[in-house]
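Chemist: here is the input, now give the coordinates:
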Amino acid sequence: MVANLNHVIDQVVKDKGVDRDILVEALESAVLSAANKKYRNTRELEAHYNTEQGEVELFEFVTVVDEVQDSYKEIDLEEAREIDPDVECGDSLGMKMDSGSFSRIAAQTAKQVIIQKVREAEREGVYNEFKDRVGELVNGIVRRYERGDLIVDLGRAEALLPHREQVPRENYRQADRVRAYIAEVKMSPKGPQIILSRTHPSLVIELFKTEVPEISEGIVEIVSCSREPGSRAKIAVVSHDPDVDPVGACVGMRGSRVQNVVSELRGEKIDIIPWTPDMARFACSALAPADVSRVYVDNEEQAMEIIVPDDQLSLAIGKKGQNVRLAARLIGWKIDIKSETRAAEIEQEENRSAEESEAEAVAESEEQSVSVEEPAVDETPAPAEEEE
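Modeler: Numbers count the residues shown, from 1 in each chain. The predicted structure is shown next:
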C-alpha cells in the first residue's frame, strides 16, 4: 500500500498537472476531516504525510496534567511518562493513531475532500496557464453548441466562443477544427472562463505574424488594423529595414502569405497599406483603390476633408460606406469625402455668402456714417422797445 499511495500521487500529478504539495495537503485535510467526523470533533488532531512510508499519519495531542478533567484532551502525568519519561505537567504530548479504521462515512468524506481539492487546484492551474496568454492564437476542437455559443476543447481546458464573437457566415460542426484569438481569461464561480474571438481585429495581426517571418522578427510592423469580420480588413504596415518592402513581405511570393490568411478567415478580403507619418498621404493610401484630388487636414480636430473626382466618389466611399469607414478606423481620424462637383458648389455658396455678408457690412457702415443736419439758430439780438 505504501508504494501504491506514492504511485497514485505521482500519477495524479502527471495526469492533472496539480502541484504535488497541493495534493499532499489535500490528503492530509481529507484524513483529518475523516478523523474529526469519526471522533465528533472531541479531540485535537493533526495529520501529516510521511513521504518515506507513503502514508498519512494521524496524531492526537493531549495536555499533561496532574488530575484529568477532560479525558479526550488531557492525560495523567504518570500515564504520560510511560510514553515519554521526560514529559512534565503542562506539556503537549502527541500520540500516533491508527488512521486505517475509519467508517464508511468518514472515508467518503475524505474522498470528497480530495476530489474538491484536486478540482480547485486543477482550476487554479488552468487559470494561471491561460491568464498570461491573452492575445495569443489557439487551436481547438468544436465540442458542442450552447445557446448559440460554441464550446471549444483546448486540451487542458474548454473555452467559450460567444455568439457575438463569431463571424456571421461561419458555421461549425462537432469535431471541426477552429483557430481563434484569446480575448479574455477570467475566474468565475464555476472555474476559469476562457473567452475566444473570431471577430477581433488582432486576430488578423496574429495570423500575419504566423505567416510572415519578417513580422515575428520585428523587421516589419503592423501599425494598425481595422476590420469588418467576414467582409473586409485593412492593415497598415511599416518596415524598419530600408531594404525590406513591408507590403511585399506580407503579400509573399505570388500572394501565398496573404492568401493563407484569407483562407483562414474564410475568404475575407484584406487590403495591405504602407504606413507613413504624413497623415494626408496615409489617408490617400487607406482609401485605395480610389484616387484622391485634394486633402484638407485639421490637426486640432483630427479630421480630414478629402476631395475625389466625381467618378471615384462611390469607389472611395465603398459599398454601404465600408471603404471610408475602415479607412477612418485605420488612421484614427474623422474623414469627410466630397466629389469635386460638390466641393465646387459648396465653395461657390461660401463665396456668395461671403460677398453678401461683405455687402451688408458695407451698407451698414455707410448708414452709420451719414450725419443728420440740425436747423440753424439766429443769434441776432432782438431790437429794444422804445420808451414812451
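
Chemist: low-confidence bits of the stretch 251-388 of the chain, can you list those?
Modeler: Applying pLDDT under 70 to the stretch 251-388 of the chain flags residues 355-356, 359, 362-363, 365-388.

Chemist: let me see the domain layout of the protein.
Modeler: 2-128, 134-197, 200-275, 288-356 (automatic domain parsing).

Chemist: just name the most buried of those.
Modeler: Sort these by mean neighbour count, taking mean count of other CB atoms under 10 Å, and domain 200-275 sits at the top with a mean of 17. To be clear about C-beta, it is placed using only N, CA and C from the backbone, and glycine gets the same treatment.

Chemist: circling back to that earlier point, ok, which of the domains of the chain comes nearest residue 282?
Modeler: Smallest distance to residue 282 across the domains of the chain (CB to CB): 5.6 Å, for domain 288-356.

Chemist: still on that earlier bit, how about the domains of the chain in JSON lines, adding distance to residue 364?
Modeler: Converted to JSON lines, the domains of the chain look like this (distance: least, CB to CB, whole Å):
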{"stretch": "domain 2-128", "distance to residue 364": "75"}
{"stretch": "domain 134-197", "distance to residue 364": "60"}
{"stretch": "domain 200-275", "distance to residue 364": "51"}
{"stretch": "domain 288-356", "distance to residue 364": "12"}
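
Chemist: lowest-confidence stretch among those domains?
Modeler: Here the lowest mean pLDDT among the domains of the chain goes to domain 2-128, at a mean of 77.

Chemist: distance from the chain centre to it, please.
Modeler: Relative to its chain's centre, domain 2-128 lies at 43 Å (CA atoms, centre = their mean, to the nearest Å).

Chemist: just the CA atoms of the one helix or strand residue 316 maps to, as PDB, please.
Modeler: Using DSSP states H and E, residue 316 falls within helix 313-317. The C-alpha coordinates for helix 313-317 follow below in PDB (Å, rounded to 0.1, in the frame of the first residue of the first chain):
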ATOM      1  CA  LEU A 313     -16.700  59.000 -55.200                       C
ATOM      2  CA  SER A 314     -18.600  55.700 -55.000                       C
ATOM      3  CA  LEU A 315     -15.400  53.800 -55.100                       C
ATOM      4  CA  ALA A 316     -13.900  55.900 -52.200                       C
ATOM      5  CA  ILE A 317     -17.000  55.500 -50.100                       C
END
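
Chemist: that helix - contacts with which helices or strands?
Modeler: Under the contact definition 3 or more CB pairs under 8 Å, 6 or more residues apart in numbering; DSSP states H and E, helix 313-317 sits against helix 322-331, strand 334-339.

Chemist: ok, and what's touching it?
Modeler: 287, 289-290, 292, 306, 308, 323-324, 337, 339 (CB atoms under 8 Å, 6 or more residues apart in numbering).

Chemist: circling back to that earlier point, out of the helices and strands packed on helix 313-317, which is closest to residue 160?
Modeler: Closest among the helices and strands packed on helix 313-317, using CB to CB: helix 322-331, at 26.6 Å.

Chemist: any chance you could list what contacts that closest one?
Modeler: 224-228, 231-236, 271, 273, 279, 282-283, 286-287, 290, 315-318, 334-335, 337.
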